[in-house]
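Novice: here is a sequence together with a model predicted from it:
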Amino acid sequence: MRLLSGFVLCFLAVCLPAGSTADEGLGPDPLNAAYAIEGQEISLRNGYSEIALGPASAAKIRTPVFGKSVRDDLDGDGDEDAALILVYDPGGSGTFYYLAAAVNLDGLYRGTS
């Protein structure tokens, strides 16, 4: 498990480009922040998001967090950031897993795309 956590942190530190954060959606912790998936902002509340596809549609886009987040300083500023896996279920035939980071900005977290 420690090896996997180290791999995830190294991957995010190398692959996290500047300006990859969602436009808005600062949250008090990674489970209550916003992330960009497929060009859409997904705002988590307690590690879960549910968005209706349309006003007359019963179908929903569901996005829970898978497992626990891994916390470490991902951007080198001395603050504790987090890496987490988002399970994106747009209601079609597939479920997609995204590795995302939540960057700590003065005590508030902003999710990446």
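Specialist: Nice, I can see it.

Novice: remind me what the strand ranked longest in the chain packs against, helices and strands.
Specialist: If you go by DSSP state E, the chain has its longest strand at strand 60-72. Packing partners of strand 60-72 (3 or more CB pairs under 8 Å, 6 or more residues apart in numbering; DSSP states H and E): helix 2-15, strand 40-43, strand 48-52, strand 81-88. Every residue, glycine included, has its C-beta placed from N, CA and C.

Novice: worst average pLDDT in those?
Specialist: In terms of mean pLDDT, the lowest-scoring of the helices and strands packed on strand 60-72 is helix 2-15 (a mean of 46).

Novice: which element follows it toward the C-terminus?
Specialist: Toward the C-terminus, helix 2-15 is succeeded by strand 34-37 as the next helix or strand (DSSP states H and E).

Novice: residues contacting the residue lying closest to residue 51 once chain neighbours are set aside?
Specialist: Leaving aside its sequence neighbours, residue 51 sits nearest to residue 61 (CB to CB, 6 or more residues apart in numbering; 4.5 Å). By CB atoms under 8 Å, 6 or more residues apart in numbering, residue 61 lies in contact with 40, 42, 49, 50, 51, 53, 88, 89, 90, 91.

Novice: give me the neighbour count for the second one.
Specialist: If I follow you right, that is residue 42. Residues lying near residue 42 (other CB atoms under 10 Å) number 23.

Novice: just checking, it touches residue 86?
Specialist: Yes - look at residue 42 against residue 86 with CB atoms under 8 Å: they come within range, at 7.2 Å.

Novice: shared neighbours of the two, anything?
Specialist: Common neighbours of residue 42 and residue 86 (CB under 8 Å, 6+ apart) are 35, 63.

Novice: which ones are touching the most centrally placed residue in the chain?
Specialist: The structure's the chain has its C-alpha centroid closest to residue 100; by CA atoms, centre = their mean the separation is 4.3 Å. By CB under 8 Å, 6+ apart, the contact list for residue 100 reads 35, 83, 84, 85, 86, 111, 112, 113.

Novice: lowest average confidence, helix or strand, in this structure?
Specialist: Using mean pLDDT, DSSP states H and E, helix 2-15 stands out as the lowest-scoring helix or strand of the chain, at a mean of 46.
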